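S.K.: Test case, fold it:
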Amino acid sequence: MDTTLKLESTTSQRDQAVEHTSQYLRNGGFEEDLSKLVAFKTETASQGDIANKRLYLETIIAPVLEELGFIANFYPNPDPSAGPLAIYTLVEDESLPTVLMYGHGDVVPGLEGQWEEGRSPWVLSKADGKLFGRGTADNKGQHWINISAIKAVYAVRGRLGFNCKILLETEEESGSPGLEAFCRDHREELLADVLIASDGPRIRTDRPTIALGARGNFNFDMSINYRESGRHSGNWGGLIKDPGIRLAHAIASIADERGSILVKGWRPEFPSNRIRDLLSASPLAKATEANGADGDWGESELTPAERVYAWNNFAVLAAKLGYPEKPVNAIAPRAWARCQLRFLAGLETDAVLPALREHLDERGFLDVEVTPSRSTYWQGTSTDPDNPWVQRVARSIAATEGTEPDLIPGIGGSLPNHAFYDLIGMPTIWIPHSYNECSQHAPNEHIRLDITESALKIMTGVFWDIGSENSGGA
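M.R.: You can find the predicted model right below:
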């Protein structure tokens with residue numbers, strides 16, 4: 001990858017902008033501002049927090065961006081049960097490229113009382129080089145890093161040098177209900193040359209990651225319901241069907257003993273040589289004790305990195321049969337399991353369950369009912385790694401960090417990237433600012449200060465270079 005940048009006359013100003021964000025973190029400004037974001041209790045599952053979500057968009061984010069010339073517009077969610085959205089728009093010149101940024105202001109439940117050292121999820125605290133609080137990693141801290149980088153470019157250059165749109169939603173943790181409809185309805189307002197956003201963890205803590213999309217996510221229930229109540233296992237054993245055994249065999253037909261998917265319609269094409277080359281440098285390229293990967297699990301012809309970033313994965317998330325807390329000598333009347341498929345681009349969400357239904361019916365499991373567990377799902381997506389925008393961003397990060405970023409087809413988890421990549425239509429670039437051990441979705445959620453400083457610097461460099469005539473960004 002060519003890491004040479006033509007910065008020439010703007011080099012000193014670029015360095016000044018990058019240093020500006022470093023000082024912002026070191027002098028406590030970032031911590032002070034992030035504490036205001038964390039203090040807003042915007043739990044995604046609580047209807048009572050919809051008012052807080054709107055206040056977050058209107059009173060915390062909007063004033064900062066309006067000082068830079070952004071125009072803020074606020075919208076109710078197309079799903080009346082879900083939280084609001086906002087679009088912040090800055091048009092400097094119609095002839096300049098336009099960058100769309102995305103983030104979400106909602107968070108998972110705070111889990112008060114479960115945090116170490118008596119911490120509150122709604123009060124930002126610092127210890128051991130980390131900032132603790134709900135939303136620090138997912139996603140308030142991440143979109144605030146990007147907004148702070150925008151501010152740094154503006155502070156030094158007096159303009160961005162490109163047009164910018166920022167979409168913030170408040171229901172990502174619930175599967176982004178209403179987002180697809182919103183993006184369809186506001187496509188022209190959101191249209192841009194590229195999406196640059198941040199969520200999820202880096203592959204490794206000492207090197208930035210560029211993810212080009214995300215795997216899709218489909219959760220579903222498998223269940224068998226034979227009778228109203230249990231029957232004595234001595235009197236009825238051998239006479240009536242056992243739903244636990246039947247469901248266990250149905251699940252076992254989906255994946256083999258090492259977790260390799262057996263459903264024909266769920267198996268993707270093997271990764272291309274280009275993708276395999278990109279993933280060969282990943283810490284997960286080989287299964288080792290250090291990275292925690294099991295060498296005897298997953299598709300045997302793939303490396304651990306390829307199984308996570310370039311393959312589909314089936315998982316059983318939960319199961320129930322009988323009375324687990326107090327087992328009795330009875331054949332249970334019913335059995336249930338919640339399962340999940342993480343999948344690449346190429347498999348449509350509306351094809352997931354029909355493929356499974358066909359697979360089960362062919363094997364005689366007509367008694368197994370399969371139903372989706374929620375109403376909205378995310379599609380798998382991935383931008384071409386050779387897209388000019390991807391290469392431009394990668395060069396910029398390399399110029400700031402002095403090392404090339406890890407480039408992966410998409411994160412192993414899921415994001416609503418489909419709304420931007422497919423529905424609006426643009427290349428998508430995700431630059432995560434967290435790390436795997438951040439306790440995301442758990443007590444003690446945090447971000448590391450060293451990674452945050454790196455993130456502030458690389459994002460400032462990226463936005464500076466996009467707006468610099470000498471970098472080719474215009």
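S.K.: list the contacts for residue 363?
M.R.: By CB atoms under 8 Å, 6 or more residues apart in numbering, the contact set of residue 363 is 250, 253. Yep, even glycine has a C-beta here, placed from its N, CA and C like the rest.
S.K.: change it to 7 Å
M.R.: Residues near residue 363 by CB atoms under 7 Å, 6 or more residues apart in numbering: residue 253.
S.K.: what's the closest non-adjacent residue to residue 341?
M.R.: residue 218 (4.8 Å; CB to CB, 6 or more residues apart in numbering).
S.K.: would residue 250 count as being in a strand?
M.R.: No - using DSSP: H, G, I helix; E, B strand; the rest coil, the assignment for residue 250 is helix, not a strand.
S.K.: where does it land on pLDDT?
M.R.: At residue 250, the model reports a pLDDT of 98.
S.K.: isn't it right up against residue 224?
M.R.: No - Residue 250 lies out of contact with residue 224 (CB atoms under 7 Å); the separation is 8.1 Å.
S.K.: From residue 347, how far off is the residue nearest to residue 341?
M.R.: Residue 218 sits 9 Å away from residue 347, going by CB to CB, to the nearest Å.
S.K.: Those two - which one has more neighbours?
M.R.: Using other CB atoms under 10 Å, the more surrounded residue of residue 218 and residue 347 is residue 218, with 25 against 21.
S.K.: show me what contacts the more buried one?
M.R.: Contacts of residue 218 (CB under 7 Å, 6+ apart): 340-341, 349, 352, 377.
S.K.: ok, and it, which helix or strand is that part of?
M.R.: strand 216-225 (DSSP states H and E).
S.K.: mind listing what's buried in that strand?
M.R.: Buried residues in strand 216-225, counted by 16 or more other CB atoms under 10 Å: 216-220, 222-224.
S.K.: In its sheet, which strands sit next to the helix or strand following it, and in what direction?
M.R.: Using DSSP H and E, the helix or strand that follows strand 216-225 in sequence is strand 231-232. Strand 231-232 pairs in its sheet with strand 330-331 (antiparallel), by DSSP bridges.
S.K.: And the partner strand, how far out from the chain middle?
M.R.: Distance of strand 330-331 from its chain centroid, counting by CA atoms, centre = their mean, to the nearest Å, is 42 Å.
S.K.: for whichever strand or helix holds residue 148, packing partners?
M.R.: Secondary structure assignment for residue 148, by DSSP H and E: helix 140-157. Contacts defined by 3 or more CB pairs under 7 Å, 6 or more residues apart in numbering; DSSP states H and E place helix 140-157 against helix 11-26, helix 29-39, strand 98-104, helix 449-467.
S.K.: any idea how far residue 238 is from residue 245?
M.R.: Distance, residue 245 to residue 238, using CB to CB: 12 Å.
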